[in-house]
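K.L.:
quick one, what's the 3D model for this:
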Amino acid sequence: MSRQVLLVGTRKGAWKIESDATRSQWQIKGPMHLGAVVSHYVADPRRPGVELMSVGSGHLGPSVFVSKDYGETWTEASQPPAFSPEPNGSHRSVDHVFWLTPGHVCEPDVWYGGTSPQGLFRSRDGGNTWKEVLGFNHHPDFLQWRGGDKDGTPDGPKLHSIIVDHSDKAHLLVGMSGGGIFESFDEGRSWTPLNSGVAMDFYPPKEDGTEYEFGHDPHCLVMHPVQANRLYHQNHCGLYAMDRAQGKRWSRIGDNMP
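P.N.:
From the prediction side, this is the model:
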């Protein structure tokens, strides 16, 4: 029978919870990195046994750890995500790595990471070294997209929901809380907002009656596991779906949700 595995990150470490397909009994392994904040704990679907974990320590700071033996042993990244100076001369520091996403199946060594404050990073060596996706982090409109570093999001603003299109490795999507949803078709070299149709009830209406292009607050973005044209996201202002075959506009689908 296939194993059922839950990878759980908490403010006090990480746990692995396993069962067989019946789910009648569970074994708990952990804690791992006791006392550290584990924001995301992810198994690599491309390479059995490989797991990545974003770990924040009050003493040692934010980092990424890699296991190649199902979590038995861990090695810290030699070069964790870190910001370079921005074009305007300012310099931000990574508070924590919030999100980890494995790359396309054809690129087994590629991983993407999202941070707080908002930043997009990529590793091409299985998580050992990380570099900024400068096409995003240094985009001319980035400062407008992300707003301030203190926007009310718990534990600080975040880049999350990094999606690699399973049908096209160059097609990437990310969510920023706050900021909105953004899309690239060239592996992150150029980006455009993807927020048409999404409400922003927490902002006053624009005087010219047009929609806000960015500044939204998505909480989670997902792509349909088979049909890459279908996207869904839960937002500060509702639930939305998009069918790319019908255009690039979100439709609200959650009016009956509590």
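
K.L.:
point to the residue nearest the middle of this protein.
P.N.:
H160 (2.6 Å; C-alpha atoms, centre = their mean).

K.L.:
who does whichever strand or helix holds that one touch, helix- and strand-wise?
P.N.:
Using DSSP states H and E, H160 sits within strand 158-164. Here strand 158-164 touches strand 96-102, strand 111-116, strand 119-123, strand 172-177, strand 218-223, going by 3 or more C-beta pairs under 8 Å, 6 or more residues apart in numbering; DSSP states H and E. C-beta here means a position set from N, CA and C on the backbone, and glycine is covered the same way.

K.L.:
hey, where'd the helices end up in the chain?
P.N.:
Counting by DSSP state H, the chain has helices at residues 134-137, 142-146.

K.L.:
pLDDT on the longest one, on average?
P.N.:
This points to helix 142-146. For helix 142-146, the mean per-residue pLDDT is 90.

K.L.:
please name the nearest non-neighbouring residue to R11.
P.N.:
V37 (5.0 Å; C-beta to C-beta, 6 or more residues apart in numbering).

K.L.:
one more: L6?
P.N.:
I17 (4.2 Å).

K.L.:
which residues does that neighbour contact?
P.N.:
Neighbouring residues of I17 by C-beta atoms under 8 Å, 6 or more residues apart in numbering: V5, L6, V8, W26, Q27, I28, K29.

K.L.:
now distance to R122 too, for these, in TSV please.
P.N.:
Output for those, formatted as TSV (distance: C-beta to C-beta, whole Å):
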residue	distance to R122
V5	26
L6	27
V8	26
W26	35
Q27	34
I28	33
K29	30
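
K.L.:
going by distance to K131, which of those wins?
P.N.:
V8 (28.9 Å; C-beta to C-beta).

K.L.:
run through the residues that contact the closest one.
P.N.:
So V8 contacts A14, W15, K16, I17, G30, Y41 (C-beta under 8 Å, 6+ apart).

K.L.:
for it, name its beta-bridge partners.
P.N.:
In this entry, V8 is beta-bridged to W15, by DSSP bridges.

K.L.:
what is the neighbour count of Y232?
P.N.:
Number of residues near Y232 (other C-beta atoms under 10 Å) recorded here: 16.

K.L.:
L172 too?
P.N.:
With other C-beta under 10 Å as criterion, L172 counts 27.

K.L.:
in space, what's closest to it - neighbours in sequence excluded?
P.N.:
L172 sits nearest to S184 (C-beta to C-beta, 6+ apart), 4.6 Å away.

K.L.:
T73 now?
P.N.:
S67 (6.3 Å).

K.L.:
kindly state the beta-bridge partners for the one you found.
P.N.:
Bridge pairing for S67 - DSSP bridges - gives E51.

K.L.:
just the CA atoms of stretch 183-199, as PDB, please.
P.N.:
The C-alpha trace of stretch 183-199 is given here as PDB (Å, rounded to 0.1, in the frame of the first residue of the first chain):
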ATOM      1  CA  GLU A 183       2.900  36.200 -14.200                       C
ATOM      2  CA  SER A 184       6.000  35.500 -16.300                       C
ATOM      3  CA  PHE A 185       6.300  33.600 -19.600                       C
ATOM      4  CA  ASP A 186      10.100  33.700 -19.800                       C
ATOM      5  CA  GLU A 187      11.400  32.000 -16.600                       C
ATOM      6  CA  GLY A 188      11.100  35.200 -14.600                       C
ATOM      7  CA  ARG A 189      12.900  37.700 -16.800                       C
ATOM      8  CA  SER A 190       9.700  39.800 -17.300                       C
ATOM      9  CA  TRP A 191       6.500  40.100 -15.400                       C
ATOM     10  CA  THR A 192       3.000  41.500 -15.600                       C
ATOM     11  CA  PRO A 193       0.100  41.800 -13.100                       C
ATOM     12  CA  LEU A 194      -2.700  39.300 -13.400                       C
ATOM     13  CA  ASN A 195      -5.500  40.900 -11.200                       C
ATOM     14  CA  SER A 196      -8.200  42.000 -13.600                       C
ATOM     15  CA  GLY A 197     -11.700  41.400 -12.100                       C
ATOM     16  CA  VAL A 198     -10.500  41.100  -8.500                       C
ATOM     17  CA  ALA A 199     -12.200  43.300  -5.900                       C
END
